[in-house]
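A.B. asks: Here is a sequence together with a model predicted from it:
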Amino acid sequence: MNRYIFFSGGVCSSLGKGLAATSLANLLESHQLRVQMIKIDPYLNVDAGTMSPYQHGEVYVTEDGFETDLDLGNYARFTNAPVTRANSITTGQIYQHVIEKERQGRYLGRTVQIIPHITDEIKRRIFAVGKQPDTDVTIIEIGGTVGDIESVPYLEAARQMISDLGRDRVLFIHLTLIPEVGGGEYKTKPTQHSVMKLREIGIQPDILICRSPVMLTADLISKIALFTNVERRAVISGHDVSRTIYELPLIYREQNLDSLVLNRLDLSAGTGDLTEWSRIVDICSNAEAQVTIGMVGKYIHLPDTYKSICEALQHGGIANRAKVNLKQIDSEELEDLSEEQFIQELSQVEGILIPGGFGSRGTKGMIKAAEFARVHQVPCLGICLGMQIMVIEFARNVLGWQDADSTEFKAETRHPVISLLEEQQSTTHMGGTMRLGASPSHLKQGSRIAQAYGAVTVMERHRHRYEFSSQYTDQFIEAGLVLSGFTPDEALVESVEWKDHPWGVGVQFHPEFTSTPRKPHPLFSSFIAASMAGKENSHAAG
Ligand code: GLN
């Protein structure tokens, strides 16, 4: 019988609810349970695709081409749970569906209301995931903070599910903050109040996870338990981890969070083996070697914009037993540096990564960085926009087409080396109309990328509108740009690489979305290995 665990957040946002939820899922999987995750985003956008990275960080793309919140990336990295469009619910989707059904007359004359019609639709979507035959437990993360007007219908749906299915099938976990005030005093009052807020709508949480900079003392735990009516052993300390976020499941295990959940939901425990996971944490904290990668992008000041890339770089480090130091380089700032400052800035890194992005701002700096990497034989990985930048740079500096550009940045150019396909030119809607989701690419035998993958057919996820312009294929190849990957019909270029260069690969897709600490993505592993080798060579030469 399927079980459901709701995760809500209190006091303030950004406490790491997604990480807490996925860490619990990781522990449940260690007991051989099959877990599904659902992220609820209470905003009116239908998906995260049209949102600026300044609003919500990275847009994570699922295999089936849905643009979602970055928490789905956390789920994919910590668990084996499937992450598809069904695992992402937004208020926009719910209302769109209910209103469409109303227009079709399918409510048979009834007044359509938040309760029961919106709440029923929420439950229907949760059950559609939770009732799949190979699911034991479904964890539902309700975005936002308790007390927000937007999350009320979701909490109401959760409350109904608790009474519909019973306490032994539905569990409610609330994540709060225990802030520190002057002189190292920790305060429980905001937690008490946010639990009161939940009780007002009829939900008594079963478990509290309390975020705090340090481990909660026994006294604090007793106080929280007393005022919130939650058992002492169910008040879990969610203190900051010092080494890596991958440590979180281990911290919860120490406090028996998994046995508590199994007990409450009447589930039998499996082996609970965390050996492999502990090994990963160990490598992260005791890496023998170090390597510095420079990421040259334009949203660099926001920590979450390139979340999956940052994680994938760490995974590449795990594969090579190395610690990856990330140097975030603002491509716009690069544009204003003198030649000397520019060289000094980029000489501090052993590999350069140019990530995805939209719009022309900052691209000049990226093009300069790509040129530096190509000329100075620095390993370079270009992802999506990064690949397009590598193509533009090559066209300008090797083929000598000074005006080469992407039509995204300059509509009228004599050498539009990156341009829109016909079907993209005619779209009127921005949401969900890019080339999205996983599709196959064929890689050229013997190419650097095929070597990295150890395969010639790969499936990778896309999220872009613009493409390499095929009319220039011959000129590029003659000048030494290897077109190493194509769509199966050979119509679209999927990857390029620099000939006579230690490691310069650009990919039109996003390998970062499928990298996990247990299975580092081969492109990232290979890129990190090349960057480490380059470092050794330069030391040997020096
Ligand atoms: N802006 C480019 C395009 O639409 C690249 C997109 C990306 O990097 N994800 O093709």
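C.D. replies: Everything's here; your move. Numbers count the residues shown, from 1 in each chain.
A.B. asks: low-confidence ranges in this structure?
C.D. replies: Confidence mapping of the chain against pLDDT under 70 gives the ranges 538-542.
A.B. asks: Where does it get nearest to the ligand, residue-wise?
C.D. replies: Closest to the ligand within the chain is residue 356: 2.7 Å, counting by CB to the nearest ligand atom. Any C-beta I mention is one placed from the backbone N, CA and C, and that applies to glycine too.
A.B. asks: Around the ligand, which positions in the protein sit nearby?
C.D. replies: Contact residues (CB under 6 Å from any ligand atom) of the chain with the ligand: 356, 357, 358, 384, 385, 408, 463, 464, 465, 466.
A.B. asks: quick one: the residue lying closest to the residue of the chain closest to the ligand once chain neighbours are set aside from residue 107, how far?
C.D. replies: Spatial nearest neighbour of residue 356, excluding adjacent residues (CB to CB, 6 or more residues apart in numbering): residue 384 at 3.7 Å. The gap separating residue 384 from residue 107 is 43 Å, by CB to CB, to the nearest Å.
A.B. asks: Run through the strands of the stretch 1-150 of the chain in chain order.
C.D. replies: Assigned by DSSP state E, counting those that start in this stretch, the strands in the stretch 1-150 of the chain fall at 3-9, 35-41, 60-61, 67-68, 88-90, 137-142.
A.B. asks: So for residue 537, which of the ones you listed sits nearest?
C.D. replies: Closest approach to residue 537 among the strands of the stretch 1-150 of the chain is made by strand 60-61 (35.8 Å; CB to CB).
A.B. asks: which secondary structure elements does the closest one contact?
C.D. replies: Judged by 3 or more CB pairs under 8 Å, 6 or more residues apart in numbering; DSSP states H and E, the packing partners of strand 60-61 are strand 67-68, helix 71-78, strand 457-464.
A.B. asks: May I have the strands that pair with the shortest one, each with its orientation?
C.D. replies: I take that to be strand 67-68. If you go by DSSP bridges, strand 67-68 pairs up with strand 60-61 (antiparallel).
A.B. asks: can you give me the strands in the stretch 301-450 of the chain?
C.D. replies: Per DSSP E, counting those that start in this stretch, the stretch 301-450 of the chain carries strands over the ranges 322-330, 351-354, 380-383, 405-406, 416-420, 435-443.
A.B. asks: The fifth one versus strand 457-464: what angle between them?
C.D. replies: Same thing as strand 416-420. Here the directions of strand 416-420 and strand 457-464 differ by 80 degrees (axes from the mean of the first three to the mean of the last three CA atoms, to 10 degrees).
A.B. asks: shift numbering so it begins at 191
C.D. replies: Fine by me, first position is 191 from now on; the one you just mentioned is strand 606-610.
A.B. asks: Quick one: list the elements packing against strand 606-610.
C.D. replies: With contacts taken as 3+ CB pairs under 8 Å, 6+ apart, strand 606-610 sits against helix 575-587, strand 595-596, strand 656-658.
A.B. asks: who does that strand pair up with?
C.D. replies: Looking at strand 606-610 with DSSP bridges, its partner strands are strand 595-596 (parallel), strand 656-658 (antiparallel).
A.B. asks: Could you list the residues in contact with that strand?
C.D. replies: Residues from elsewhere that reach strand 606-610 (CB atoms under 8 Å, 6 or more residues apart in numbering): 578, 581-582, 585, 591, 594-598, 655-659, 662.
A.B. asks: Which one of these is nearest to residue 284?
C.D. replies: Using CB to CB, residue 655 is the member of those that lies nearest residue 284, at 27.9 Å.
A.B. asks: I'd assumed residue 242 was in contact with residue 492.
C.D. replies: No: here residue 492 does not reach residue 242: they are 10.0 Å apart, not a contact under CB atoms under 8 Å.
A.B. asks: more crowded one of those two?
C.D. replies: Using other CB atoms under 10 Å, the more surrounded residue of residue 492 and residue 242 is residue 492, with 16 against 12.
A.B. asks: From residue 313, how far off is residue 292?
C.D. replies: Residue 292 sits 18 Å away from residue 313, going by CB to CB.
A.B. asks: Between those two, tell me which one has more neighbours.
C.D. replies: Between residue 292 and residue 313, counted using other CB under 10 Å, residue 313 has the larger neighbour count: 17 against 14.
A.B. asks: Give me the neighbour count for residue 212.
C.D. replies: Residue 212 has 30 neighbouring residues, counting by other CB under 10 Å.
A.B. asks: for residue 333, what are its contacts?
C.D. replies: 199, 207, 229, 230, 231, 232, 259, 261, 341.
A.B. asks: Quick check: which of the helices and strands packed on strand 250-251 is buried the most?
C.D. replies: The highest average neighbour count among those, using mean count of other CB atoms under 10 Å, belongs to helix 261-268 at a mean of 27.
A.B. asks: Just the C-alphas of that helix, formatted as CSV.
C.D. replies: Extracted in CSV, the C-alpha atoms of helix 261-268 (Å, rounded to 0.1, in the frame of the first residue of the first chain):
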residue,chain,number,x,y,z
ASP,A,261,14.8,20.9,-6.7
LEU,A,262,14.1,18.2,-9.2
GLY,A,263,17.8,18.2,-9.9
ASN,A,264,18.4,17.6,-6.2
TYR,A,265,16.0,14.6,-6.3
ALA,A,266,17.8,13.2,-9.4
ARG,A,267,21.3,13.5,-7.7
PHE,A,268,20.3,12.0,-4.3
